[in-house]
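1. The sequence isn't on hand, but the structure is:
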């Protein structure tokens, strides 16, 4: 039997779902969706398959969320693109 995944209680399952539905960025939306499914007692393997992510990347998302909360779910590629535009 797989080990139980632990999510820090930064948000309730209902709040995770509302973040998932309200997100405008597809990368961030997928991350919120993954966390919402996991918070609803779905295994990480099943949740990763549903949202189309591989298991290791899904585990990394959960780790970032547990460590940094909502800030850990931000699309860093989008942020770095804005920084690169500002430089040029």
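-> All right, it came through fine. Predicted model only: the values in this text are computed from it and were never measured.

2. Give me the helix or strand of this protein that scores worst on average pLDDT.
-> helix 76-87 (a mean of 57; mean pLDDT, DSSP states H and E).

3. helix, strand or coil for the residue positioned nearest the centre of the chain?
-> Centroid check for the chain by CA atoms, centre = their mean gives residue 31 as the closest residue, at 2.6 Å. Classification of residue 31 using DSSP: H, G, I helix; E, B strand; the rest coil returns helix.

4. pLDDT at it, what is it?
-> Predicted confidence (pLDDT) at residue 31: the value is 97.

5. For it, give its distance to residue 9.
-> Distance, residue 31 to residue 9, by CB to CB, to the nearest Å: 17 Å. (Glycine included, C-beta is placed from N, CA and C.)

6. which residues does the residue nearest to the centre of the chain contact?
-> 61, 65, 73 (CB atoms under 8 Å, 6 or more residues apart in numbering).

7. for this structure, which spans come out with low pLDDT?
-> 1-3, 78-88 (pLDDT under 70).

8. now the helices: where do they sit in it?
-> Under the criterion DSSP state H, the chain carries helices at the ranges 13-22, 26-39, 44-51, 55-68, 76-87.

9. which residues touch stretch 64-72?
-> So stretch 64-72 is contacted by 6, 7, 8, 10, 11, 19, 31, 35, 61, 73 (CB under 8 Å, 6+ apart).

10. Tell me which two of these sit farthest apart.
-> Maximum pairwise distance in the contacts of stretch 64-72, criterion CB to CB, is 19.1 Å, between 6 and 19.

11. Between those two, which has more neighbouring residues?
-> Between residue 6 and residue 19, counting by other CB atoms under 10 Å, residue 19 is the more crowded of the two (19 against 9).
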